[in-house]
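>>> Quick one, what's the 3D model for this:
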Amino acid sequence: MELTANEIALMIEEKNYSALKQKLNEENAVDISALFAELPKEVLPIAFRLLSKELAAETFVEMESGEQELLIRSFSDSELRTVIEELYYDDIVDILEEMPANMVKRILANATTETRASINTLLKYSSDSAGGIMTLEYVRLQPAMTVSQAFERIKRVGVDKETIYTCYVTDPNKKLLGVVTVKDMLLADEGKLVQDIMETNVVFAYTYEDKETVAKTFIDYGFLALPVVDNENRLVGIVTYDDAMDVISEESEEDMQIMAAITPTDTPYLRTSVFSIWKARIPWLLLLMISATFTGLIITSFENALAASVALTAFIPMLMDTGGNSGSQASVTVIRGISLDEIAFHDIFKVIWKELRVSFFCAITLAAANFVKIVLVDMLLIHNALTFSSEGFLITAVVCLTLAVTVIAAKFIGCTLPILAKRLGFDPAVMASPFITTIVDAISLLVYFFFAKAIIPGL
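Now for the predicted structure:
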């Protein structure tokens, strides 16, 4: 039976530490962190101290910053040193970035001189760069080593490294020469030189490269690790697969929040205060509310036309919603293509040409379906302000023509704005649903009343 947070709390209350320790140390670090998130604050430090040294470090990394801070406050200096010694340098840096100044000071005070030096090395890089997400713990080999010597080195230093499967070959000045895997060496003779079996065509990243670009390299090549070099091609660290996946996950969540008109935040929803959620949402809502005022002004300027033909009013929501949905479809597709490096600025005319053809077929289909719907439902069945008359068919023509033009315009706007935003240095996700919907709403109303005045006599 799986362990639950309630069982942990009960066993601690009963002081059944031995049985709980055995159960906890049989669990995975990710699962333990999820359980610990549900524990009362006063119980968490006790449960954490029952974990083995290695498992405690792995679990600590998986926990949220609030829980980490709580534990650090409860640790003695010796306990804090033990946890720090078991953490990888890049994980320590990630933790420091989330901690208040007093916690950072205490962590650094209990770190070894070597650890502090490594932390300072990583902190000098931007958090959005390859240098900011790399680790300094990798296996480095010399080209003149034999396979046997290489394995001896891996055994000697590998225990503290994030990965030992992929090893990097450098010269004495740490210039990257090649890469070799444990598989390559296992299948080679023990006396063979590393330089004879290493791969010299190495894909690498520079320390200043954007972390999203680095993460996409993992997707493109299927790497488990990627070397990071400085401007002189000296190996300074590696990015591992799990860190790359974290970047992809973070960027996806950020894009989803931006596309929903919410200021991005890393804090889980249930741990975010009402005030913080309000602060993240209200700027966008205010901006969109003000921008939506334009649609109100358009409707107001055509009050006489609406008064002369009340039936026109009934179709405004449908036209605006269909236009907004059409624009959103195009924008989401293009934003995804941009994020995967499938679409660049020089592809803008290809994208426009493709979306125009798609929008033409969509417009014809929607206009035809809408015509049938108006005739069968609005005119014949429910008589929704329309009659089976010449005026009714004129209004139907206005609605169908507006629908077709709106769909084409919406898809054009939806596919071009994200590309232009990327070109200007903005996040393409900003140009997703909310903004495009607001723009398309205004356009659909202008087109609607233009056709109404042109086709219906007396407006």
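>>> Residues touching stretch 157-166, excluding its own?
88, 90, 135, 137-139, 154, 179-183, 224-225, 238, 240 (Cβ atoms under 8 Å, 6 or more residues apart in numbering). The way it works is simple: take the backbone N, C-alpha and C, and place the C-beta from them, glycine included.
>>> what comes up buried for it?
Across stretch 157-166, burial judged by 16 or more other Cβ atoms under 10 Å covers 158, 161, 162, 163, 166.
>>> Would you list the buried entries among the contacts of stretch 157-166?
Neighbour counting over these (16+ other Cβ under 10 Å) leaves 88, 90, 135, 137-139, 154, 179-182, 225, 238, 240 as the buried ones.
>>> Pick out the most distant pair among the contacts of stretch 157-166.
The largest separation in these, counting by Cβ to Cβ, is between 90 and 183 at 25.1 Å.
>>> count of residues packed around the residue lying closest to residue 237 once chain neighbours are set aside?
When the adjacent residues along the chain are set aside, residue 237 lies closest to residue 134, with 3.5 Å between them (Cβ to Cβ, 6 or more residues apart in numbering). Neighbours of residue 134 under the rule other Cβ atoms under 10 Å: 29.
>>> what about residue 134, distance to residue 281?
Distance of residue 134 to residue 281, computed by Cβ to Cβ, to the nearest Å: 35 Å.
>>> how does the chain divide into domains?
5-124, 140-247, 292-455 (automatic domain parsing).
>>> Relative to residue 272, which of those domains is closest?
domain 5-124 (10.9 Å).
>>> Now find how far off-centre the closest one is within its chain.
In terms of Cα atoms, centre = their mean, to the nearest Å, the centre of domain 5-124 is set 26 Å apart from its chain centre.
>>> Could I get the average pLDDT for that domain?
Domain 5-124 shows a mean pLDDT of 89.
>>> measure it end to end?
Length of domain 5-124, first residue to last, Cα to Cα, to the nearest Å: 40 Å.
>>> looking at this structure, which helix or strand is least sure?
helix 303-308 (a mean of 68; mean pLDDT, DSSP states H and E).
>>> before we move on, back to that, relative to residue 301, which of the contacts of stretch 157-166 is nearest.
residue 90 (58.5 Å).
>>> Skip the chain neighbours and tell me the closest residue to that closest one.
Closest to residue 90 by Cβ to Cβ, 6+ apart is residue 135, at 4.1 Å.
>>> which residues sit in contact with the one you found?
Counted by Cβ under 8 Å, 6+ apart, residue 135 has contacts 88, 89, 90, 162, 237, 238, 239, 240, 243.
>>> got the contact list for the third one?
Taking Cβ under 8 Å, 6+ apart as the contact definition, residue 90 lies against 122, 133, 134, 135, 136, 162, 243.
>>> and the residues you listed as TSV, adding secondary structure and distance to residue 36?
Output for these, formatted as TSV (DSSP: H, G, I helix; E, B strand; the rest coil; distance: Cβ to Cβ, whole Å):
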residue	secondary structure	distance to residue 36
122	helix	27
133	helix	25
134	coil	28
135	strand	25
136	coil	28
162	coil	23
243	helix	23
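>>> Tell me where the stretch 101-250 of the chain has strands.
140-141, 166-170, 176-181, 205-206, 225-229, 235-240 (DSSP state E, counting those that start in this stretch).
>>> Nearest to residue 50, out of the ones you listed?
Closest among the strands of the stretch 101-250 of the chain, using Cβ to Cβ: strand 235-240, at 28.7 Å.
>>> If I take the closest one and strand 225-229, what angle do their directions form?
Using axes from the mean of the first three to the mean of the last three Cα atoms, to 10 degrees, the direction of strand 235-240 lies 150 degrees away from that of strand 225-229.
>>> from the chain's centre, how far out does strand 235-240 sit?
22 Å.
>>> For it, name the packing helices and strands.
helix 130-133, strand 166-170, strand 225-229 (3 or more Cβ pairs under 8 Å, 6 or more residues apart in numbering; DSSP states H and E).
>>> and of these, who's closest to residue 381?
Comparing the helices and strands packed on strand 235-240 by Cβ to Cβ, helix 130-133 comes nearest, at 61.0 Å.
>>> What's the separation between the residue nearest to residue 182 when sequence neighbours are not counted and residue 192?
Spatially, and ignoring its direct neighbours in sequence, residue 182 is nearest to residue 165 (5.1 Å; Cβ to Cβ, 6+ apart). Separation of residue 165 from residue 192 (Cβ to Cβ) stands at 19 Å.
>>> got TSV for the domains of the chain, with distance to residue 285 too?
Listed next are these as TSV, based on distance: least, Cβ to Cβ, whole Å:
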stretch	distance to residue 285
domain 5-124	27
domain 140-247	28
domain 292-455	9
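>>> Nearest to residue 274, out of the ones you listed?
domain 5-124 (16.5 Å).
>>> Do you have the helices of the stretch 1-150 of the chain handy? List them.
Ranges of helices in the stretch 1-150 of the chain, per DSSP state H, counting those that start in this stretch, are 5-13, 17-24, 29-36, 44-48, 53-62, 65-74, 77-86, 89-98, 101-109, 113-123, 130-133, 147-157.
>>> just these: most buried one?
helix 130-133 (a mean of 26; mean count of other Cβ atoms under 10 Å).
>>> mean confidence score for that helix?
What helix 130-133 shows for mean pLDDT is 90.
>>> same for it, what does it pack against?
By 3+ Cβ pairs under 8 Å, 6+ apart, helix 130-133 packs against helix 211-221, strand 235-240, helix 241-259.
>>> Now do the contacts for residue 235.
With Cβ under 8 Å, 6+ apart, residue 235 has these contacts: 138, 140, 168, 170, 174, 175, 176, 227, 228, 229.
>>> and it, how far is that from residue 222?
Applying Cβ to Cβ to residue 235 and residue 222 gives a distance of 21 Å.
>>> before we move on, what about residue 209?
From residue 209 to residue 222 the distance is 19 Å (Cβ to Cβ).
>>> Pipe the buried residues of stretch 157-166 into CSV and attach distance to residue 418 per row.
Listed next are these as CSV, based on distance: Cβ to Cβ, whole Å:
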residue, distance to residue 418
158, 45
161, 41
162, 36
163, 36
166, 36
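>>> Now these in TSV, please, with extra columns for distance to residue 337 and pLDDT.
As requested, the buried residues of stretch 157-166 are exported to TSV (distance: Cβ to Cβ, whole Å; pLDDT from 0 to 100):
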residue	distance to residue 337	pLDDT
158	41	86
161	37	85
162	33	84
163	32	87
166	31	92
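>>> Pick out whichever of those residues sits closest to residue 442.
residue 162 (52.6 Å).
>>> Tell me where the model's unsure across the stretch 151-300 of the chain.
When residues are selected by pLDDT under 70, those of the stretch 151-300 of the chain lie in 253-271, 291-292.
>>> in the helix or strand that contains residue 413, what counts as buried?
If you go by DSSP states H and E, residue 413 is part of helix 390-423. Residues 392-419, 421-422 are the ones in helix 390-423 that count as buried (16+ other Cβ under 10 Å).
>>> Against residue 239, how distant is the closest residue to residue 246 other than its chain neighbours?
Counting by Cβ to Cβ, 6+ apart, residue 246 lies nearest to residue 133, which is 7.8 Å off, once chain neighbours are set aside. From residue 133 across to residue 239, the span is 6 Å (Cβ to Cβ).
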